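S.K.: I would like the atomic coordinates for the input below:
(2 chains)
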Amino acid sequence: AQSVTQLGSHVSVSEGALVLLRCNYSSSVPPYLFWYVQYPNQGLQLLLKYTSAATLVKGINGFEAEFKKSETSFHLTKPSAHMSDAAEYFCAVANTGTASKLTFGTGTRLQVTL
Amino acid sequence: EPEVTQTPSHQVTQMGQEVILRCVPISNHLYFYWYRQILGQKVEFLVSFYNNEISEKSEIFDDQFSVERPDGSNFTLKIRSTKLEDSAMYFCAIGQGFRGYTFGSGTRLTVV
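M.R.: Sure, this is the predicted structure:
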């Protein structure tokens, strides 16, 4: 079964600092990988996805993630944090079959301080 | 206009009552999913639906849950006899693997 591990349930960074949110997956074959953001009392918004094309994926709001097969990782980064980035971030994995469900990690709450 | 609209946005129901949560995608899709998120916890898969039948379901999706597409556009999740522990945010999603998945804004279900 696939699984996703997000290290760090809470991450705090200063405004303008680098954001690094960690995600490791467990899968027998390279899966599809996703990062979603959830603002308070809102739904899930797709930030970016890896679907076996380029290993460095650029998403919305200046975020990007790099797929590293050797490390089974898909860490999310942003060079400079903004106050508006404060939210819950979920990494998710799906296998490459049809009608594949998403399996989510436990989430990382990002706090951005002045 | 959102790709996936969920109604109601918030529903309060008494324990033991039936609830129906609705999902309307803006265009024709083949793959539908329901997820739930208990307050403060991660998003959990409930069921996937393809070609008008369930393709996969989780352990959470027991006999009190059912899904259907009653008119070919709406996609519904029914909980027959709600329990307190069913209180959660329920998300409908559409999509498929490499195309990604789009989520609705959710229905907050509160069972009292």
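S.K.: quickly list what the most centrally placed residue in chain B is bridged to.
M.R.: Nearest to the mean C-alpha position of chain B, by CA atoms, centre = their mean, lies residue B:34 at 3.6 Å. According to DSSP bridges, the residues that bridge with residue B:34 are residue B:47, residue B:92.
S.K.: confidence score at it?
M.R.: With respect to pLDDT, residue B:34 has a value of 96.
S.K.: which stretches of chain A have low pLDDT?
M.R.: Residues of chain A that meet the criterion pLDDT under 70 lie in A:98-99.
S.K.: near chain B, which residues of it?
M.R.: Within chain A, the residues that sit near chain B (CB under 8 Å from any CB of the partner chain) are A:32, A:34, A:36, A:42-46, A:49, A:51-52, A:90, A:92, A:94-107. Placement of C-beta: from N, CA and C, glycine included.
S.K.: hmm, 10 Å instead?
M.R.: Taking CB under 10 Å from any CB of the partner chain as the contact definition, chain A meets chain B at A:4, A:6, A:31-32, A:34, A:36, A:38, A:41-46, A:48-53, A:88, A:90, A:92, A:94-107, A:109.
S.K.: list buried residues within those.
M.R.: Among the residues of chain A next to chain B, the ones that count as buried by 16 or more other CB atoms under 10 Å in any protein chain shown are A:4, A:6, A:31-32, A:34, A:36, A:38, A:43-46, A:48-51, A:88, A:90, A:92, A:94-95, A:99-107, A:109.
S.K.: next, count neighbours for residue B:49.
M.R.: 21 (other CB atoms under 10 Å in any protein chain shown).
S.K.: quick check: closest non-adjacent residue to it.
M.R.: Residue nearest to residue B:49 in three dimensions, not counting chain neighbours: residue B:32, with 4.4 Å by CB to CB, 6 or more residues apart in numbering or on different chains.
S.K.: that neighbour should be in a strand, yeah?
M.R.: Yes. Counting by DSSP: H, G, I helix; E, B strand; the rest coil, residue B:32 is located in a strand.
S.K.: my guess is it contacts residue B:75. True?
M.R.: Yes. Applying CB atoms under 10 Å, one finds residue B:32 in contact with residue B:75, separated by 4.8 Å.
S.K.: ok, these two, which is more surrounded?
M.R.: Neighbours per residue (other CB under 10 Å) separate residue B:32 from residue B:75, with residue B:75 holding more: 26 against 23.
S.K.: report pLDDT for that one.
M.R.: The score at residue B:75 is 89. That number is its pLDDT.
S.K.: please, where are all the helices along chain A?
M.R.: Counting by DSSP state H, one finds no helices in chain A.
S.K.: contacts only, for the residue lying farthest from the centre of chain B.
M.R.: What lies farthest from the middle of chain B is residue B:98; by CA atoms, centre = their mean that is 21.5 Å. Residue B:98 makes contacts with A:32, A:49-53, A:94, A:96, A:100, as judged by CB atoms under 10 Å, 6 or more residues apart in numbering or on different chains.
S.K.: just the strands in the chain please.
M.R.: Reading this off chain A. A:3-5, A:10-14, A:19-21, A:24-26, A:32-38, A:45-50, A:56-58, A:64-68, A:73-78, A:87-94, A:103-104, A:108-113 (DSSP state E).
S.K.: ah, I was thinking of chain B
M.R.: Using DSSP E, strands in chain B cover B:4-7, B:10-13, B:19-25, B:31-37, B:43-50, B:53-57, B:65-68, B:75-79, B:88-96, B:100-103, B:107-111.
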